[in-house]
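Student: Sequence unavailable; structure follows:
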Ligand SMILES: O=C(O)CCC(=O)C(=O)O
Ligand SMILES: [Fe+2]
């Protein structure tokens, strides 16, 4: 056993290096939160969700979310579209490579990304997209990181005619749930319930469909599905298929399994929210290894604020004895800095 560290945007974090094994932990290690009551007219019902979210975000940094409101049909369609996209020949996928995008939109090939900078590349391929913006959208001209055109596969390729619409429908539905998470965060942080609403009118919201080929036999620990990392934005809404692969680093420095739960999304706090809350909310390190023997697909959506929002430690998270630990920074600039650390092609320019 040795002690290793992973760098997050807010500093290094240590863990015990035991190889790729993780503890099969009882489910309650990652709490399950029912978001149904967020739709209640009764403020007390909503406050209960806020309290559960506070406990989960301050103690674990991860929770399962039930009754998120995204229809199963929308999710199924999105996975089906992802299967078709990744089945296209590499040459076709490469025509929309992320390397052609200043904002990381489009296709990333296997090993094209290295989420853990001490590793040798991630065993996944990905397609990234975010809010669809028309070419004449005035916000595009502002040049803010996060506002960019998407790159879509040619609809004439086999199975691609409804790809764009299917993914955008998922995005819209998941964003609606994301706004509800921000509302629960406001309750959890004793802020006015609509505190975040004006800050997320046109948010950073990259979604990606991921394909992890199975890894069998002796696995190189430095080349797994996605290397140990924390996410960059305020929170991530992760929808996975039924194959287990995700592992989460607990406060004791041990990896624990986070298997899929039927009907639930997995939500985790990102570095920007950790920073905003002066480390009150925890952005927890995680990684994924697909040892299911089958192809695995997942869909994370990284939800931030509008790119021009200033992330300065929230009033409710500081005091004379707990002064701000971080300088204010614009949300878009923060994410840009983190993404550049992850993609080799971005470092060359
Ligand atoms: O696919 C997964 O289970 C995790 C994905 C993830 O952590 C990420 O994309 O940041
Ligand atoms: Fe992640």
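Tutor: It's in. If you're wondering where the values come from, they're calculated on a predicted model, not measured in any experiment. Ligands and ions are numbered 1, 2, ... in the order given.

Student: Now for the residue in the stretch 1-150 of the chain that ligand 1 sits nearest to: which residues touch it?
Tutor: The stretch 1-150 of the chain approaches ligand 1 most closely through residue 115 (7.0 Å), counting by CB to the nearest ligand atom. Just so you know, the C-beta spots here come from the backbone N, C-alpha and C atoms, and that holds for glycine as well. Residues counted as contacts of residue 115 (CB atoms under 8 Å, 6 or more residues apart in numbering) are 122, 226, 227, 228, 229, 342.

Student: Tabulate those (a markdown table), appending distance to residue 33, pLDDT and neighbour count.
Tutor: Below are the contacts of residue 115 laid out as a markdown table (distance: CB to CB, whole Å; pLDDT from 0 to 100; neighbours: other CB atoms under 10 Å):
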| residue | distance to residue 33 | pLDDT | neighbour count |
| --- | --- | --- | --- |
| 122 | 29 | 93 | 26 |
| 226 | 24 | 96 | 25 |
| 227 | 28 | 93 | 24 |
| 228 | 25 | 93 | 23 |
| 229 | 23 | 93 | 23 |
| 342 | 29 | 68 | 18 |
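
Student: which one of those residues sits closest to residue 160?
Tutor: Nearest to residue 160 among these: residue 122, at 24.4 Å, using CB to CB.

Student: which ones are touching that closest one?
Tutor: 111, 112, 113, 114, 115, 223, 224, 225, 226, 227.

Student: cool, and residue 112?
Tutor: Per CB under 8 Å, 6+ apart, neighbours of residue 112: 98, 121, 122, 125, 343.

Student: can you count the residues close to the fourth one?
Tutor: What that stands for is residue 125. 21 (other CB atoms under 10 Å).

Student: So it is in contact with residue 110, correct?
Tutor: Yes. At 5.0 Å, residue 125 counts as touching residue 110 under the criterion of CB atoms under 8 Å.

Student: Can you tell me the SS state at the closest residue to residue 107 other than its chain neighbours?
Tutor: Leaving out its chain neighbours, the residue that sits closest to residue 107 by CB to CB, 6 or more residues apart in numbering is residue 93, at 4.6 Å. Following DSSP: H, G, I helix; E, B strand; the rest coil, we place residue 93 in the helix state.

Student: dump the residue contacts of residue 93.
Tutor: Per CB under 8 Å, 6+ apart, neighbours of residue 93: 85, 86, 107, 109, 125, 153.

Student: Could you list which of these belong to strands?
Tutor: The strands, defined by DSSP state E, take in 107, 125 from the contacts of residue 93.

Student: from the contacts of residue 93, which two are the most distant?
Tutor: Pairwise over these, using CB to CB, the maximum falls at 109 and 153, 14.2 Å.

Student: Next, format the contacts of residue 93 as a markdown table and append pLDDT and distance to residue 330.
Tutor: Below are the contacts of residue 93 laid out as a markdown table (pLDDT from 0 to 100; distance: CB to CB, whole Å):
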| residue | pLDDT | distance to residue 330 |
| --- | --- | --- |
| 85 | 98 | 33 |
| 86 | 98 | 34 |
| 107 | 98 | 28 |
| 109 | 95 | 31 |
| 125 | 97 | 31 |
| 153 | 98 | 32 |
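
Student: Most neighbours of all the contacts of residue 93, which one?
Tutor: For those, neighbours tallied by other CB under 10 Å; top is residue 107, 25 neighbours.

Student: That residue contacts residue 113, correct?
Tutor: No. With contact defined as CB under 8 Å, residue 107 does not reach residue 113; the gap is 11.1 Å.

Student: what touches both of those two?
Tutor: Residues touching both residue 107 and residue 113 (CB under 8 Å, 6+ apart) are residue 126.

Student: And for residue 205, the neighbour number?
Tutor: Residue 205, neighbours per other CB under 10 Å, totals 21.

Student: residue contacts, the closest residue to residue 337 other than its chain neighbours?
Tutor: Distances taken as CB to CB, 6+ apart put residue 9 closest to residue 337, at 7.6 Å, once the chain neighbours are dropped. Residue 9 sits next to 230, 232, 271, 272, 275, 283, 334, 337, 338 when contact means CB under 8 Å, 6+ apart.

Student: same thing with residue 38?
Tutor: Per CB under 8 Å, 6+ apart, neighbours of residue 38: 46, 49, 180, 183, 184.

Student: cool, residue 183 as well?
Tutor: When contacts are counted by CB under 8 Å, 6+ apart, residue 183 is found next to 38, 46, 193, 194, 196, 197.

Student: again with residue 249
Tutor: 6, 13, 15, 228, 255, 256, 284, 285, 286.

Student: mind listing which of those residues are in strands?
Tutor: Reading strands off the contacts of residue 249 with DSSP E, I get 6, 13, 15, 228, 255, 256, 286.

Student: The closest residue to residue 302 other than its chain neighbours and residue 309, how far apart?
Tutor: Residue nearest to residue 302 in three dimensions, not counting chain neighbours: residue 233, with 4.3 Å by CB to CB, 6+ apart. Counting by CB to CB, to the nearest Å, the gap from residue 233 to residue 309 is 12 Å.
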